[in-house]
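K.L.:
below are the sequence and a predicted model for it; my questions follow.
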Amino acid sequence: MRKMRAGVYFATQTPEEIIPKDSGSEVADIIRNIFNLCTFKCFFNLDSALLNDIKKVLGNTITDTEIMLLPELEVGQAVVQTSSEDTYLINFDPYPEQIERFDGGQ
């Protein structure tokens, strides 16, 4: 799809929506494959109770240090992976016009 300048966004409030608690290893493998096919991954604030689920799906593509950042992220911050080796702590700072267009978004 990238040659056609197209993309697909997967967004969820909690990984539990896509990672069932009773999932066997086959389901986890399928979900891991989908995550691995995603070039960019953005992680916003995440409850610390869900960190093991994220680690299970992402495997070695995210470090323990990066995992531990997730519950500490403030509004406007995210951990962004651009590859399995490149991860960044990003601060989003929208212009007032962007906030106005978004109408607050809260």
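P.N.:
It's in. Not measured: the values here are computed from a predicted model.

K.L.:
centre of the chain to the lengthiest helix in the chain, how far?
P.N.:
Counting residues, the longest helix found in the chain (DSSP state H) is helix 25-37. For helix 25-37, the separation from the chain centroid amounts to 14 Å (computed by C-alpha atoms, centre = their mean, to the nearest Å).

K.L.:
that helix - contacts with which helices or strands?
P.N.:
Using 3 or more C-beta pairs under 8 Å, 6 or more residues apart in numbering; DSSP states H and E, the elements in contact with helix 25-37 are helix 51-58. Yep, even glycine has a C-beta here, placed from its N, CA and C like the rest.

K.L.:
kindly export the helix it packs on (C-alpha atoms) in CSV.
P.N.:
This file holds the C-alpha atoms of helix 51-58, laid out as CSV (Å, rounded to 0.1, in the frame of the first residue of the first chain):
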residue,chain,number,x,y,z
LEU,A,51,2.4,-3.3,30.5
ASN,A,52,2.9,-7.0,30.5
ASP,A,53,0.3,-7.4,27.7
ILE,A,54,2.1,-4.8,25.6
LYS,A,55,5.5,-6.5,26.3
LYS,A,56,4.0,-9.9,25.3
VAL,A,57,2.8,-8.6,22.0
LEU,A,58,5.8,-6.3,21.1
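
K.L.:
what angle do it and helix 25-37 make?
P.N.:
With axes from the mean of the first three to the mean of the last three C-alpha atoms, to 10 degrees defining the directions, helix 51-58 sits at 70 degrees from helix 25-37.
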